[in-house]
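Asker: Structure here, sequence nowhere to be found:
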């Protein structure tokens, strides 16, 4: 069964934002960057050569990935164009060894842009964040889908969930709605509504899915805020979205000992894993796992020293095999990307990938970490390379994009 998660942390610790170049808390719904929008002038930097002829993907920056099998996938990128950087989509049928550029995407106005991509089948896919576009021919053509601005969208087993908010200007007082559709359908139905008085203080939302029945909605807290807690609100459905229950943040604590969930992943067999970061920016980052769809959680498993504050994505290939990685990287100057792996439920960790890159201030943030099956997974470790594992995270190999 396919399972892919793009675990983009919209509530990263402020320390990580300063030291590692990642996006600061509360930026999830600000105006899109020049690379993501394709509607602002942006000049390429000297650190990244731009080809003026040849492939339309030449000189592009990776933004997101999506897969329907371990061989077939799509990459969303920001490529140089006459407007600076424009969004482009590429497809692969051989696991990323080669990529084919698809026709140009619809032009985005400033109030209607996309930054993520998901495919539900080999033909049906979605571009979103905050606008929503849909394709039924594998990405060769797209049409705009009306509705709320979309924060998160995930397909699974023939259905699609999207999380929308009621107006621009979030974080702040706004409400969320989770809607469901069959892949390719034009009809969406609301399965969960979170009013603004419940969602107060949230800086971003994420939906995580596993199979046909289990779904999670996470509303991340504002970890850089002063008052109150930044605990993540979690809503869970185990019956295909028919009913939802609110669950506590598994990271727990309060005051100087407060930890908050900054990412969650799911795997078959009732497996869930949460990545927990300290609210104060000091202390130990840890992982907690569950074997009953988040009803109960095992004791905390500390993340290795030296990487604790820059790992903000989590994915699970199985109950035992977990990976943590850096993601969403933007900024200027040198940056160290890291991926660590565990084969025993987080009890022990090993450094699988460590690399240094020069950040380009014009590049949009890229964030993807996920498994297509129990062995094959991918990670965007930088703007021009995709790392792949074929042994559940033990070993990784980088392939250049495009």
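Answerer: Right, received. Where do you want to start? Since this is a predicted model, take the numbers as computed values, not measurements.

Asker: Show me what residue 160 bridges to in the sheet.
Answerer: Beta bridges link residue 160 to residue 155, residue 181, judged by DSSP bridges.

Asker: let me fix that: residue 128
Answerer: Using DSSP bridges, the bridge partners assigned to residue 128 are residue 116, residue 132.

Asker: list the contacts for it?
Answerer: By Cβ atoms under 8 Å, 6 or more residues apart in numbering, the contact set of residue 128 is 114, 115, 116, 117, 118, 150, 153, 162. In short, each C-beta sits where N, CA and C put it, glycine included.

Asker: Quickly name whichever of these is closest to residue 77.
Answerer: Set against residue 77, the nearest of the contacts of residue 128 by Cβ to Cβ is residue 117 (9.8 Å).

Asker: wait, isn't that closest one in contact with residue 66?
Answerer: Yes. Residue 117 lies in contact with residue 66 (Cβ atoms under 8 Å); the separation is 5.1 Å.

Asker: Neighbour count for the two, which is higher?
Answerer: residue 117 (28 against 24; other Cβ atoms under 10 Å).

Asker: any shared contact partners between residue 117 and residue 66?
Answerer: 74, 125.

Asker: Now for residue 296, how many residues are close by?
Answerer: Neighbours around residue 296, by other Cβ under 10 Å: 10.

Asker: Give me the distance between it and residue 212.
Answerer: Computed as Cβ to Cβ, to the nearest Å, the residue 296 to residue 212 distance reads 23 Å.

Asker: next one: residue 377
Answerer: Look at residue 377 and residue 212: by Cβ to Cβ, they are 22 Å apart.

Asker: Tell me which of those two has more neighbours.
Answerer: Legend: neighbour count by other Cβ under 10 Å for residue 377 and residue 212, higher for residue 377 (29 against 14).

Asker: Need phi/psi at the nearest residue in space to the more buried one that is not next to it in sequence.
Answerer: For residue 377, ignoring the flanking residues on the chain, the nearest one in space by Cβ to Cβ, 6 or more residues apart in numbering is residue 371 at 3.9 Å. For residue 371, the backbone dihedrals (degrees, to the nearest 10) come out as phi -120, psi 140.

Asker: Surely residue 371 and residue 388 touch.
Answerer: No. Between residue 371 and residue 388 there is no contact under Cβ under 8 Å: 10.8 Å.

Asker: list the residues that contact both of the two?
Answerer: Both residue 371 and residue 388 are contacted by residue 377, under the criterion Cβ under 8 Å, 6+ apart.

Asker: Which of those two has more residues huddled nearby?
Answerer: In terms of neighbours (other Cβ under 10 Å), residue 371 is the more surrounded of residue 371 and residue 388; the figures are 26 against 18.

Asker: Just to be sure, residue 198 is in a helix?
Answerer: Yes. Using DSSP: H, G, I helix; E, B strand; the rest coil, the secondary structure at residue 198 is a helix.

Asker: sorry, back to before: any figure for the gap between the residue nearest to residue 377 and residue 186?
Answerer: Distance of residue 371 to residue 186, given as Cβ to Cβ: 31 Å.

Asker: Look up how far residue 370 lies from residue 339.
Answerer: Distance of residue 339 to residue 370, given as Cβ to Cβ: 12 Å.

Asker: Next: residue 345.
Answerer: In this view, residue 345 and residue 370 are 19 Å apart by Cβ to Cβ.

Asker: Per-residue pLDDT of residue 199, please?
Answerer: pLDDT recorded at residue 199 is 85.

Asker: so it sits right up against residue 219, yeah?
Answerer: Yes. With contact defined as Cβ under 8 Å, residue 199 reaches residue 219; the gap is 5.6 Å.

Asker: Tell me which of the two has more neighbours.
Answerer: Set residue 199 next to residue 219 and count neighbours by other Cβ under 10 Å: residue 219 wins out with 24 against 19.

Asker: how about that one, what does it touch?
Answerer: By Cβ under 8 Å, 6+ apart, the residues touching residue 219 are 176, 194, 199, 202, 204, 205, 232, 233, 234, 235.

Asker: wait, residue 217 sits on residue 244?
Answerer: Yes. Residue 217 lies in contact with residue 244 (Cβ under 8 Å); the separation is 7.5 Å.

Asker: any common contacting residues for these two?
Answerer: Shared contacts of residue 217 and residue 244, defined by Cβ under 8 Å, 6+ apart, comprise 192, 235, 236.

Asker: And for the last one, the neighbour number?
Answerer: Pointing back at residue 236 there. Using other Cβ under 10 Å, residue 236 has 20 neighbouring residues.

Asker: Can you report how many residues lie near the residue nearest to residue 247 when sequence neighbours are not counted?
Answerer: Excluding the flanking residues, the one nearest residue 247 by Cβ to Cβ, 6+ apart is residue 234, at 4.4 Å. By other Cβ under 10 Å, the residues close to residue 234 number 21.

Asker: Give the phi and psi angles for residue 234, as a check.
Answerer: Backbone geometry at residue 234, expressed as degrees, to the nearest 10, gives phi -120, psi 130.

Asker: I'd like to know how far it sits from residue 354.
Answerer: As judged by Cβ to Cβ, residue 234 and residue 354 stand 31 Å apart.

Asker: repeat for residue 323
Answerer: 14 Å.

Asker: The stretch 51-200 of the chain: strands as residue ranges?
Answerer: Ranges of strands within the stretch 51-200 of the chain are 61-67, 73-81, 84-92, 100-101, 116-119, 125-128, 132-135, 143-144, 150-156, 159-165, 176-182, 189-194, based on DSSP state E, counting those that start in this stretch.

Asker: So which of residue 217 and residue 244 has more stuff around it?
Answerer: Higher neighbour count among residue 217 and residue 244: residue 217, with 23 against 19, using other Cβ under 10 Å.

Asker: And for that one, nearest residue in space, chain neighbours not counted?
Answerer: Residue 217 sits nearest to residue 235 (Cβ to Cβ, 6+ apart), 4.3 Å away.

Asker: residue ranges with poor pLDDT in this protein?
Answerer: Applying pLDDT under 70 to the chain flags the ranges 1-54, 109-112, 167-173, 281, 306-309, 329.

Asker: at 50 what do you get?
Answerer: Residue ranges of the chain with pLDDT under 50: 1-19, 21-53, 111.
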